[in-house]
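>>> With the input below, show me the fold.
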Amino acid sequence: MKVTGHDYIIIGAGSAGCVVANRLSRDPHCSVLLIEAGGHDRNPLVRLPMMMGKLFNSGLYNWSYHTEPVESLNGRSLYWPRGKVLGGSSTINGMIYVRGNRHDYDRWAQSGLSGWSYEDVLTSFTRSEMHRERRDMFHGQEGELAVCRARGSNPLFDVFVEAGKQAGYPANDDFNGAEQEGFGRFDFTIRNGKRWSAASAFLKPVRKRSNLTIMTGGHVSRIMIAGGKATGVEVVRGHHTDIINSGQEVIICAGTVNSPQLLMLSGVGPAEVLQPHGIEIVHEMAGVGRNLQDHVDCVLAYECTQPITLYRDLRADRLAWSIIKGLVAGQGMATTFPYEAGSFVKSRQGLVGSDIQMHFMPALEKTANLHFPNPFRKQSPAPDHGFSIRVGPVNPASRGSITLRSADPADPPAIHPGYLVSNSDRDAMIAGIRIVREVVRQPAFDRYRGKELQPGPDIQSEDQLITWLRQSAMTTFHPVGTCRMGSDRLSVVDERLRVHGLGCLRVADASVMPVITSGNTNAPAIMIGEQLAAFITDGQ
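Next comes the predicted model:
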């Protein structure tokens, strides 16, 4: 066993970890070690946005987790892809750049978390951002994270936005601007037609800094704790186990699943979870692994009466040419993400912010997963041609948990997502379904609207919709909250992301969110990394 040391040890090279490594290693007088369990993102297909479906559904760069059976979803176990690679989930995700809205962060601050108001976090968002087109107070141009407008040309995107306006909702050119509500197109972390992950933005440009060490293939099995503080980590790499000491701090950026798992494996967590696995309790914390939140949604699907959907572009011969063109020139269909349009709407009057999000795709779900048409078979206009709308609540009340399956660090944790436990979440889902149907009935869709395929025109009553949701609801892949910020008994970290009751140990990733943000969560995870780095730099 080899023993080495660094000032700062960062566990996890995901969206937050890459930011923290970049910012802390700016100081040439401190040494920074970034440990990633996965490897390098060398597969060229990772760069192409349209290949995201294949990445999500393959084991490439992926922990490939599955939840425990979910009682409220008829006992189904859902697939939870999580990035296992430099860049973490930003290397395999949908690249949608959504920050959430003002109300999300202001209520964090109002709960006693100073430094987390909307005005506070806006500074961190813009510090990271290098927006290619937008020039206003809500966007940055000097950061490392390339962000651009949607670039797809399919006419159904505009049809969806126009239908939203006809249904009485506002159009919105920028979901990260002054207001989030409305119908429009998302922004994306894409640069010159290629995926721009956290590793691309924050890690690769500084990887040659002499004071930054990047370790891949290193699985941290536990945090070393002595005298009430973190002193280092135990890392398994191949057949070797090493101890690495930290001179300043250990920073966990392992994500919503792995951060609480690592704390519990290190003896930090609820006694009722640790004791059955024979883990010595080093620091009892009842809140570790609790407060799990995720966006649950469902897919409404319709036939399209015109052969203009993405299906026509994914014939094997055409897709091959698109991939070549995308890799060589950064142009063409393969450089776009299929869910380019969307909306944030209120399910009822009186809400402070939107509680429903939609993602619109001019294709059916099987097309998004690259179900390749046969170029030698005559294609029918339906049902292969269609469009899909994912819809779900952005402020779920349901809560789940992450617990241990065993004391073996190689075993995946047990994920209990708790989807649709709350009646309010079910009500919001049903309201969202009815809003989608209202939008699709608008005149803008008259030339394109075919049969409703999912859930189908016969599924109308509340009981019927609940039954369908139990059969078909799924995750939007936005888990957060399992190492929650706060000051009460069930919080794990304070407002400066320091683990309560332990010195020299912090957590910085989506697991610290007390309440999930309204929308996709990759941009907030990057912001959390910025916040943590600023706290340390300022001596907080």
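
>>> Would you mind checking the average pLDDT for stretch 453-462?
Across stretch 453-462, pLDDT averages out at 97.

>>> Can you list the neighbours in contact with it?
Counting contacts by C-beta atoms under 8 Å, 6 or more residues apart in numbering, the residues outside stretch 453-462 that touch it are 298-303, 364, 383, 386, 430, 433, 451, 464-465, 468, 472. Using the backbone N, CA and C atoms, a C-beta is placed for each residue, glycine as well.

>>> Between the two ends of that stretch, what distance do you get?
Counting by C-alpha to C-alpha, to the nearest Å, the length from the leading to the trailing residue of stretch 453-462 is 18 Å.

>>> measure stretch 414-432 end to end?
Separation of the first and last residues of stretch 414-432 by C-alpha to C-alpha is 30 Å.

>>> which one among the contacts of stretch 453-462 gets closest to Ile214?
Distance to Ile214, by C-beta to C-beta, is smallest for Val299 among the contacts of stretch 453-462, at 38.3 Å.

>>> Show me what that closest one is bridged to.
Applying DSSP bridges to Val299 yields these beta-bridge partners: Arg390.

>>> that older thread, where neighbours are concerned, which of the contacts of stretch 453-462 has the most?
Gly386 (27 neighbours; other C-beta atoms under 10 Å).

>>> For it, give its distance to Gly88.
Counting by C-beta to C-beta, to the nearest Å, the gap between Gly386 and Gly88 amounts to 32 Å.

>>> And for Ala534?
Noted for Ala534: a distance of 21 Å to Gly88, by C-beta to C-beta.

>>> which of these two has more neighbours?
Gly88 (33 against 17).

>>> right, and the more buried one touches Ile10 too?
No: counting by C-beta atoms under 8 Å, no contact exists between Gly88 and Ile10, whose distance comes to 11.9 Å.

>>> Overlap of the contact sets of those two?
Gly17.

>>> which regions of this structure sit below the pLDDT cut-off?
When the per-residue scores of the chain are filtered using pLDDT under 70, the ranges that remain are 1, 3, 367-383.

>>> Which strand in it has the most residues?
strand 240-252 (DSSP state E).

>>> Okay, now the sheet partners of it, with direction.
Looking at strand 240-252 with DSSP bridges, its paired strands and their directions are strand 3-11 (parallel), strand 229-237 (antiparallel), strand 505-507 (parallel).

>>> of all these, which lies closest to Ile190?
Counting by C-beta to C-beta, Ile190 lies closest to strand 3-11 out of those; the figure is 25.9 Å.

>>> Pull out the buried residues from that closest one.
Residues His6, Asp7, Tyr8, Ile9, Ile10, Ile11 are the ones in strand 3-11 that count as buried (16 or more other C-beta atoms under 10 Å).

>>> Closest to Val121 out of these?
Nearest to Val121, judged by C-beta to C-beta, of those is Ile10 at 20.8 Å.

>>> Name the pair among the buried residues of strand 3-11 with the greatest separation in space.
Among the buried residues of strand 3-11, Asp7 and Ile11 lie farthest apart (C-beta to C-beta), at 14.6 Å.

>>> What helix or strand is Thr213 located in?
When elements are defined using DSSP states H and E, Thr213 is found to belong to strand 212-216.

>>> quick one, that strand and strand 240-252 angle?
Compare the direction of strand 212-216 with that of strand 240-252 by axes from the mean of the first three to the mean of the last three C-alpha atoms, to 10 degrees and you get 120 degrees.

>>> Parallel or antiparallel, list what pairs with strand 212-216.
Strand partners for strand 212-216, identified by DSSP bridges, are recorded as strand 32-36 (parallel).

>>> Other residues contacting the partner strand?
Under the criterion C-beta under 8 Å, 6+ apart, external residues in contact with strand 32-36 comprise 6-13, 17-18, 21, 24-25, 85-86, 203, 211-218, 220, 233, 235, 244.
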